[in-house]
Each structure stands twice: as structure tokens, then as C-alpha cells.
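S.K.: The following comprises the amino acid sequence and a computationally predicted model.
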Amino acid sequence: MPRSGPLATRVQPFILSGYSGQPTRGTVTIHEFRREQRARRAMAVLGKWWGVPLLCVFIPVAHFVLVPSFLAYGLWEFFQRIGTSESTSKTGVVWGGGGGVSLVQLGPALALLETRFITIRTNGGAKNCFPVSAGVFLGRR
């Protein structure tokens, strides 16, 4: 096996049951990683999350919160990746759509609410989700 590939890969079947009536079957692929692969993955995620603050420096006022937050999150992700010897992946098709509404505007700040409809299809059927997001937009429109 090439040195860049996972140490071992296995497929594990599972039964997914939740709030809807019928449980569905699925599979998950589990990849084991060598020490050097874990270090490479950790450095890649650290570079990504430490690169984002470089862009956030130019956002007035918000950079006081965003830059330290992304730097801290980058460290957290780094240690998560270093300590993770196995990774899982699952593929599938997701359909979605959504919309949002502006709630309140106070100067340059705009409060918003957004919802989406997502359908996740598996071998055993489909699951529908309605995640809701709330946020604040800072800046001019």
C-alpha cells in the first residue's frame, strides 16, 4: 500500500434510528491513519484556520472577535486531528433549499433569520430537516 494512503480501511454497516418511525440501514467507511498522516492533516487544518484571520483583519470592529476566535479554533482543530487515529466518511445525496428574512436594522447592523429544507436520501429512505440559523450582518448592503 502506498505510504500516502490510509493504514487500513474498513466498511461498517449500521442502523440509523431517530425521531421518525422507520430505522434505516447505512454504511460508514473508517480510515486508520499513520502518525505522519495525522501530522500532515493537523498542519493542513491549522494552516487553513490560521489563514482565515488574515482576511478577517480587514473587517472593521468585528476583527477584534473574529481573529482571536479563528486562531483558537485552529489550535483546537490541530489537537483534534493529531489525536485522531481513525476518520470516517459517508457519501450521499442531499437536496435543499431555503430562504431568509431581515428582522431588524440598527445602523450598519442587520439581524437576520434563515431556514432551510434539507432531504438526506439513504438506502433505507429519506430524512427531512429544517435547520434554522440566526445571525447579524455588519456592513453596507
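M.R.: Alright, I've got the coordinates.

S.K.: Give the phi and psi angles for the residue in the chain sticking out farthest from the centre, as a check.
M.R.: Here the centre of the chain is the reference, and by Cα atoms, centre = their mean the most remote residue is Gly107, at 31.4 Å. According to degrees, to the nearest 10, the main-chain angles of Gly107 amount to phi 60, psi -130.

S.K.: which residues of this structure fall in strands?
M.R.: 8-16, 24-32, 86-89, 93-106, 109-122, 125-129, 132-138 (DSSP state E).

S.K.: Show the contacting residues for Gly99.
M.R.: Neighbour list for Gly99: 114-115 [criterion: Cβ atoms under 8 Å, 6 or more residues apart in numbering]. Placement of C-beta: from N, CA and C, glycine included.

S.K.: Could you check how far it is from Ala109?
M.R.: Using Cβ to Cβ, to the nearest Å, we find Gly99 at a distance of 21 Å from Ala109.

S.K.: do the same with Ile30
M.R.: According to Cβ to Cβ, Ile30 and Ala109 sit 45 Å apart.

S.K.: tell me the domain ranges of the protein?
M.R.: With automatic domain parsing as the criterion, the domains of the chain are listed as 1-91, 92-141.

S.K.: okay if I get those domains as CSV plus mean pLDDT?
M.R.: Formatted as CSV, those follow (pLDDT from 0 to 100):
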stretch, mean pLDDT
domain 1-91, 79
domain 92-141, 72
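
S.K.: pretty sure Lys127 is in contact with Phe117, am I right?
M.R.: No. Under the criterion of Cβ atoms under 8 Å, Lys127 is not in contact with Phe117, lying 11.7 Å apart.

S.K.: Quick check, central residue of the protein?
M.R.: Most central in the chain under Cα atoms, centre = their mean is Glu77, positioned 11.7 Å from the mean C-alpha point.
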